[in-house]
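K.L.:
Next input, structure requested:
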Amino acid sequence: MEAYAKKRKKPSGQLGMELKKDWKRNKVKYIMLIPVVIYFVLFSYKPMYGLIIAFKDFRPGLGIMDSPWVGLDNFEAFLKDVYFWRLLRNTLSISVLQIIFGFPIPIIFALFLNELKGQKFKKTVQTVSYLPHFISIVIVCGIVKVFVQSDGLLPSMMESAFGIQPTNWLTKKELFYPIYIISGIWQNMGWDSIIYLAALAGIDQEQYEAAKIDGAGRFQQMWYVTLPGIIPTVMIMFILRMGTLLSVGYEKILLLYTPTTYEVADVISTYVYRRGLLEADYSYSTAISMFNSIFNVIFLLATNKISKKMSGISLY
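P.N.:
Prediction:
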């Protein structure tokens, strides 16, 4: 075997020649890749050095290396924090609801958009659906407040139709999750559907022709040809989504929640924002963020393994 391996091993000169040929053939692509690599090195990998402060009692005057070590004290403090279970419950609740209601909507939207025959109308619908994604989150939350505050459109409609006294819906705990999830679907539905539309475009058209010959209608074609054709893409996106299960963004929560909804709206990211930026407890907030990232990786790997075992589809 060793002799075979040595025989198969390419000489360094031949390897060098292949690298030179590859450089000549793909030189432009490599040059275009340089800014991307620099971006990730500077803004993704270099800041990882700062994770050390999660294991220290960080004091800005002493710097990262000279601050005293405390080991896992910050992690233990978070697990014993009076808000721990509330933060975990709220974060998981919002994430799970987003998966149940938000994840399938772009898929369904892409399927029905794919069935539209008029190209002009199809492009118009696509453009309109993409627009909310490019609106600032501040403006999105402003629009939401205009609709649901006490003198907003929806409470006024409820008063006219059913005689219900108008109130600010954002002050009601039972309405916070529906408002958050529905506004998120509206904002991201069109943008998230792009990858599924690309997957739909890659399906072999001969399969549709064969289905038509067999007498399949449009719905049957969608069910037996289109859906199986995009299942690999759907599973990959689902695995990636599970890797962000504990990553509910703090910006939208901060802009929408009120003192009356803290109990259901306060999530891990908003707590990190308060402890890290407002209270300047950098070590503690970094430990919480690292806890968050570790469990996200665990969810990602577990989902990937289950998907690979059950469907044969995985990231690696």
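K.L.:
which residue ranges form the strands in this protein?
P.N.:
With DSSP state E, there are no strands along the chain.
K.L.:
In it, where is pLDDT below threshold?
P.N.:
1-13 (pLDDT under 70).
K.L.:
redo that, cut-off 50
P.N.:
Scanning the chain for pLDDT under 50 picks out 1-7.
K.L.:
Buried residues, stretch 254-263. List them.
P.N.:
256, 257, 261 (16 or more other CB atoms under 10 Å). Where C-beta positions appear, they are placed from N, C-alpha and C, glycine not excepted.
K.L.:
can you put the residues you listed in a markdown table and add distance to residue 124?
P.N.:
Output for the buried residues of stretch 254-263, formatted as a markdown table (distance: CB to CB, whole Å):
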| residue | distance to residue 124 |
| --- | --- |
| 256 | 30 |
| 257 | 36 |
| 261 | 37 |
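K.L.:
from those residues, which single one is nearest residue 60?
P.N.:
For the buried residues of stretch 254-263, the closest approach to residue 60 (CB to CB) belongs to residue 257, at 29.8 Å.
K.L.:
and that closest one, what are its phi and psi?
P.N.:
When read as degrees, to the nearest 10, the backbone of residue 257 gives phi -80, psi 160.
K.L.:
Please tell me how far it sits from residue 94.
P.N.:
11 Å (CB to CB, to the nearest Å).
K.L.:
Any chance of the backbone angles for residue 116?
P.N.:
When quoted as degrees, to the nearest 10, the phi and psi of residue 116 stand at phi -70, psi 140.
K.L.:
Now do the same contact list for it.
P.N.:
Applying CB atoms under 8 Å, 6 or more residues apart in numbering to residue 116 gives the contacts 122, 125.
K.L.:
roughly how far apart are it and residue 218?
P.N.:
Residue 116 sits 12 Å away from residue 218, going by CB to CB.
K.L.:
What is the nearest of the buried residues of stretch 254-263 to residue 128?
P.N.:
residue 256 (24.1 Å).
K.L.:
ok, that closest one - contacts?
P.N.:
Residue 256 sits next to 141, 144, 145, 170, 176, 179, 180, 265 when contact means CB under 8 Å, 6+ apart.
K.L.:
Spatially, which two of the residues you listed are the most separated?
P.N.:
Pairwise distances across the contacts of residue 256 peak at 14.4 Å for 145 and 265 (criterion: CB to CB).
K.L.:
who's more crowded, these two?
P.N.:
Comparing residue 145 with residue 265 by other CB atoms under 10 Å, the one with more neighbours is residue 265, at 21 against 16.
K.L.:
ok, the residue nearest to that one when sequence neighbours are not counted - contacts?
P.N.:
Excluding the flanking residues, the one nearest residue 265 by CB to CB, 6 or more residues apart in numbering is residue 257, at 3.7 Å. Applying CB under 8 Å, 6+ apart, we find residue 257 in contact with 170, 176, 265, 266, 270.
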